[in-house]
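>>> this one's sequence-less:
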């Protein structure tokens, strides 16, 4: 069965304390992996798409990496405004087959 | 450019009633996707509409249905509401040929 698991469920960091979020997947025929950010009361906001193992994407304090079994979202020197739920999703076959993980709730305290 | 808009923002219903949720995609986007986000769970795929037709549906009972109008807006209907239907319902749109879904803010449905 295709499955996406994110860890940890929740993460509390001090401002400036770098860390990584994990997204592991067991799927057949991965076509792409997506990272989204979701703020309370809002819909998910697109961050990155990764297509092949070894690929990396960066945006401000965030860097996403992909291996054959998992993806990491690295957060360098986070700020309180980085607090949000981070969702990963894998794309299988046609675009409607997007399987989401349950997300990691990140809280960054000053 | 206006984003994906959803209405209503909040909806409270009782068991057995029907709920209708609406979505307007970004201008030029022809595909609309509906997802259910229950508390503590990942987004679950509900329905996909493209060019006015239902292209695929997720593992949900038939009382979840919808349609897409000629202007590409969409409606999600949930009949015979059950308590476990309480969730945030998210609509997303995509332009043909692109690979990114843009989500609306969602409609929170509470079933009492």
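Yes, it's here. The structure presented is a predicted model; accordingly, all values stated were derived computationally and were not measured. Numbering: from 1, shown residues only, chains lettered A, B, ... in the order given.

>>> and the pLDDT at the residue in chain B that chain A sits nearest to?
Closest approach between chain B and chain A, counting by CB to the nearest CB: residue B:103, at 3.3 Å. Using the backbone N, CA and C atoms, a C-beta is placed for each residue, glycine as well. For residue B:103, the model assigns a pLDDT of 95.

>>> likewise residue B:56?
At residue B:56, the model reports a pLDDT of 89.

>>> so the residue of chain B closest to chain A makes contact with residue A:43?
Yes. Contact criterion CB atoms under 8 Å: residue B:103 and residue A:43 qualify, at 3.3 Å.

>>> residues of chain A that sit close to chain B?
Residues of chain A found near chain B (CB under 8 Å from any CB of the partner chain) are A:4, A:32, A:34, A:36, A:41-46, A:49, A:87, A:89, A:94-103.

>>> among those residues, name the ones in strands.
If you go by DSSP state E, those have A:4, A:32, A:34, A:36, A:45, A:46, A:49, A:87, A:89, A:98, A:99, A:100 in strands.

>>> OK, contacts around the second one?
In other words, residue A:32. If you count contacts by CB atoms under 8 Å, 6 or more residues apart in numbering or on different chains, residue A:32 has them with A:49, A:50, A:51, A:90, A:91, B:99.

>>> farthest pair within those?
Spanning the widest gap among the contacts of residue A:32 are A:90 and B:99, at 13.1 Å by CB to CB.

>>> which one's more surrounded, those two?
The neighbour count for residue A:90 versus residue B:99, taken as other CB atoms under 10 Å in any protein chain shown, is higher for residue A:90 (24 against 14).

>>> just checking, that one touches residue A:70?
No. With contact defined as CB under 8 Å, residue A:90 does not reach residue A:70; the gap is 10.7 Å.

>>> returning to what we had before: overlap in contacts of residue B:103 and residue A:43?
Shared contacts of residue B:103 and residue A:43 (CB under 8 Å, 6+ apart): B:4, B:90, B:92.

>>> need the pLDDT of residue A:105.
If you check residue A:105, the pLDDT there is 96.

>>> quick one: strands adjacent to the lowest-mean-pLDDT helix or strand in chain A?
Lowest by mean pLDDT, DSSP states H and E among the helices and strands of chain A is strand A:98-100, with a mean of 88. Partners of strand A:98-100 in the sheet, by DSSP bridges, are strand A:84-92 (antiparallel).
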